[in-house]
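Asker: Sequence and predicted structure are below.
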Amino acid sequence: MKFGIEFVPNEPITKLSYYVKLAEDNGFEYCWITDHYNNRNVYMALTAIAAATNKIKIGPGVTNPYVRSPAVTASAMITLDEVSTGRAVLGIGPGDKATFDALGIEWTKPVSTIKKAIADMKALMDGERLEEGAVLAIKPSTKIPIYMGAQGPKMLETAGMISDGVLINASNPKDFEAAVPLIRKGAEAAGRSMDEVDVAAYACMSVDKNADKAKGAASPVVAFIAAGSPPMVLERHGIDQEKVATISAALKKGDFGTAFGTVDDTMLEAFSLYGTPDEVVEKIAALGKMGVTQIVAGSPIGPNKDTSIKLIGKKVVPA
Ligand SMILES: C[C@H](OP(=O)(O)OC[C@@H](O)[C@@H](O)[C@@H](O)Cn1c2nc(=O)[nH]c(=O)c-2cc2ccc(O)cc21)C(=O)N[C@@H](CCC(=O)N[C@@H](CCC(=O)O)C(=O)O)C(=O)O
């Protein structure tokens, strides 16, 4: 099992670089930086992180083909490959409607758009010229792996067909029971084997020696995940939809006490990997049985990031 870690660039980049270096020193192999227009710029964050580290693979987790053209993303990735001496990895997904509405960007045909974007980036990084005329003056030192952020069935199948890995926002074996066959279907349709696709559980993780403290830190993130999950996912996990409606309403009003207080154990099991190191090791083993090959420790990581990164490095990664 590979281990990655996710950071949202909503803290000073110096702090982010410190955390990524700490993760590198504790055995994490991948660092994924989220890409939302309202946070710090993902590529500037990654450049600083490249300077602060020397082994961990780094990249956007995930960007999208709407806010930057594939040629601009390819150029940024080749530059990241150079400044990180060959450690760049690309995570790209369809983005979300709310973001594009706020930016006044038309969000059309996400599956076709992602397919074309990835094909164009592969061609550009191979030094080819696109139909539209775009061609790059630079090339990467190595083949840059392209992962897709995906949840929906068509997106998962597409990821199986064309990507080196899939970053799935999920923490529970039931989600992978549904997702892995779709990825496999896409891989087989493209004449590929599943071994060529790194299946990553991009999970809300919260690890602490004290299980209750780990649970307390996970609840706020789980509240947002529950509120944003489609009914099909809530049913899959047997989650009380009345409670989710209460959470959504409370979040809208900014009543975080009610929202976080309404999160129950079913939601926590469904949408997070939380608990003591031993408990989390068991949950990761269950994900491995479902075909997961990378665990990405996503927010909050634990009640105290420093302590939890070290604890995961000592007790979870080597297990
Ligand atoms: C578009 C959407 O795909 P999805 O995979 O479910 O999208 C949900 C998320 O993956 C997507 O919003 C990501 O960008 C969210 N996301 C992030 N989004 C961000 O903006 N920033 C991030 O940093 C970020 C990180 C991230 C990490 C992991 C992860 O899994 C997702 C992440 C969907 O609805 N897909 C459906 C429908 C597809 C569809 O729209 N089909 C159309 C058109 C078909 C065509 O395009 O040809 C149709 O049927 O008409 C499906 O896959 O079946």
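Answerer: Ah, there it is. Numbers count the residues shown, from 1 in each chain.
Asker: okay, CA-based contacts and neighbour counts for the rest of this
Answerer: Fine.
Asker: and Glu196, what is it in contact with?
Answerer: When the contact criterion is CA atoms under 8 Å, 6 or more residues apart in numbering, the partners of Glu196 are Asp164, Gly165.
Asker: Ramachandran angles for the residue lying farthest from the centre of the chain?
Answerer: With CA atoms, centre = their mean as the measure, the chain has its most outlying C-alpha, relative to the mean C-alpha position, at Gly133: 32.1 Å. Backbone torsions of Gly133, given as degrees, to the nearest 10, read phi 110, psi -20.
Asker: Ser69 versus that one, what's the distance?
Answerer: For Gly133, the distance to Ser69 equals 13 Å [CA to CA, to the nearest Å].
Asker: interface residues of the stretch 201-319 of the chain facing the ligand?
Answerer: Taking CA under 6 Å from any ligand atom, the part of the stretch 201-319 of the chain that reaches the ligand is made up of Tyr202.
Asker: For whatever residue of the stretch 201-319 of the chain ends up closest to the ligand, which residues are in contact?
Answerer: With distances taken as CA to the nearest ligand atom, the stretch 201-319 of the chain approaches the ligand most closely at Tyr202, which sits 5.9 Å away. Contacts were defined as CA under 8 Å, 6+ apart; by that measure Tyr202 touches Glu6, Leu167, Ile168, Asn169, Ala170, Ser171, Ile295, Val296, Ala297, Gly298.
Asker: Which secondary structure state does it sit in?
Answerer: Three-state secondary structure (criterion: DSSP: H, G, I helix; E, B strand; the rest coil) places Tyr202 in strand.
Asker: and it, what pLDDT?
Answerer: According to the predicted model, the pLDDT of Tyr202 comes to 97.
Asker: likewise Asp96?
Answerer: So Asp96 comes in at 88 (pLDDT).
Asker: before we move on, what about Pro318?
Answerer: At Pro318 the predicted local confidence, pLDDT, stands at 81.
Asker: ok, now Phe256?
Answerer: In this prediction, Phe256 carries a pLDDT score of 95.
Asker: Having no further points to raise, I will conclude here.
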